[in-house]
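Enquirer: below are the sequence and a predicted model for it; my questions follow.
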Amino acid sequence: MITSLGRTFAVDGVELAWDRWGGDAGVPLLLCHGYSGSSHDFALHIEGLAERRPVLALDHRGHGASTNVGSLDAYSIDRLALNLIALIDDAVGGPVDLLGHSMGGAISIAVTLARPDLVRSLVLMDTTGWSFRPDDPAMAAMFESFMTGFDPAGGLPDLSSMEGPESALIAAATPAEWQRLKEVRSASFDPWAMKALGTELFTGSADRARLAAITCPVTVVVGEHDHPFVGQAAELAATVADGTHVVIDGAYHSPQLTHPAAWRAAIEAHLAR
């Protein structure tokens with residue numbers, strides 16, 4: 001299991017933690033984590049994936065081991081995408097297979113639209129091309145109320161009461177040391193990033209028509225019980241020029257943790273496209 005990132009990249013006033021594994025042959029796979037997460041979300045898979053290709057992972061600004069800026073205007077999807085473009089240009093200098101999980105999917109879409117020359121293919125994992133708002137109106141209202149009322153100056157809130165059924169699956173499927181390190185990484189999430197990015201993700205929406213400009217191979221991977229994303233998966237795959245989708249039975253938002261074999265098979269099948 002990968003336990004830390006060994007490199008940093010200076011960009012736009014922050015230091016991004018990142019690393020690279022595997023040999024030099026093949027198109028690199030770049031793992032782009034989601035909201036409140038970190039590269040640690042893929043730590044149990046990096047070594048296996050790197051047996052066949054170079055693998056890169058990073059912590060976005062305000063997440064994991066990267067710089068916490070401590071201001072709302074330091075965080076937006078477009079800004080995180082520009083940081084990622086700069087990292088790809090510097091560390092790879094050519095196209096990657098880009099995997100974006102949740103918020104990382106929104107970032108990966110932005111990167112692909114801005115710099116299609118840097119993306120050979122795209123995995124959109126448990127994410128959306130237009131709206132992160134929950135299907136349930138009451139749940140959507142709760143998210144919006146929370147984001148409006150949350151004051152990042154007071155630090156990270158306790159969200160343990162919002163844990164769903166996936167939490168027990170993750171606890172059963174992952175090693176205790178991974179879980180301990182996950183708590184450490186999660187505690188370093190910048191509350192200002194939580195406010196800014198959460199507000200952008202959960203209260204906004206994007207024009208889905210823009211996705212037709214994505215012409216590289218795309219695989220949408222989603223857990224069977226991950227709403228609203230599972231309900232959008234087929235349309236998301238159909239909206240891009242060369243898309244397909246895979247639903248992982250029994251999974252929720254993080255199938256790489258709870259259903260690792262099925263997730264790995266879906267990723268390897270995509271990379272063979």
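Expert: Arrived safely.

Enquirer: CA only for contacts and neighbour counts going forward, please
Expert: Fine.

Enquirer: mind showing which ranges of the stretch 101-250 of the chain have poor pLDDT?
Expert: Nowhere does the stretch 101-250 of the chain drop to pLDDT under 70.

Enquirer: strands of that one, start to end?
Expert: 119-125, 217-223, 242-248 (DSSP state E, counting those that start in this stretch).

Enquirer: which secondary structure elements does the last one contact?
Expert: When you say that, I think you mean strand 242-248. Applying 3 or more CA pairs under 8 Å, 6 or more residues apart in numbering; DSSP states H and E, one finds that strand 242-248 makes contact with strand 217-223, helix 229-239, helix 260-271.

Enquirer: for these, which one sits closest to Arg208?
Expert: helix 229-239 (7.7 Å; CA to CA).

Enquirer: next one: Met1 relative to Leu99, how far apart?
Expert: 19 Å (CA to CA, to the nearest Å).

Enquirer: more crowded one of these two?
Expert: Leu99 (25 against 14; other CA atoms under 10 Å).

Enquirer: quick one: buried residues of stretch 41-60?
Expert: 41-47, 49-50, 52-60 (16 or more other CA atoms under 10 Å).

Enquirer: could you dump it to PDB, C-alpha only?
Expert: C-alpha atoms of stretch 41-60 as PDB (Å, rounded to 0.1, in the frame of the first residue of the first chain):
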ATOM      1  CA  ASP A  41      -8.300   7.000  -1.900                       C
ATOM      2  CA  PHE A  42      -6.400   5.000  -4.500                       C
ATOM      3  CA  ALA A  43      -3.500   3.900  -2.300                       C
ATOM      4  CA  LEU A  44      -4.600   0.200  -2.300                       C
ATOM      5  CA  HIS A  45      -4.500   0.100  -6.200                       C
ATOM      6  CA  ILE A  46      -1.500   2.200  -7.200                       C
ATOM      7  CA  GLU A  47       1.100  -0.600  -7.000                       C
ATOM      8  CA  GLY A  48      -1.000  -3.000  -9.000                       C
ATOM      9  CA  LEU A  49      -1.900  -0.500 -11.600                       C
ATOM     10  CA  ALA A  50       1.700   0.600 -12.000                       C
ATOM     11  CA  GLU A  51       2.800  -3.000 -13.000                       C
ATOM     12  CA  ARG A  52       1.500  -2.200 -16.500                       C
ATOM     13  CA  ARG A  53       2.000   1.500 -16.900                       C
ATOM     14  CA  PRO A  54       3.300   4.700 -15.200                       C
ATOM     15  CA  VAL A  55       0.800   5.900 -12.600                       C
ATOM     16  CA  LEU A  56       0.600   9.400 -11.200                       C
ATOM     17  CA  ALA A  57      -1.500  10.800  -8.400                       C
ATOM     18  CA  LEU A  58      -1.800  14.100  -6.600                       C
ATOM     19  CA  ASP A  59      -3.500  15.900  -3.800                       C
ATOM     20  CA  HIS A  60      -5.500  18.900  -5.000                       C
END
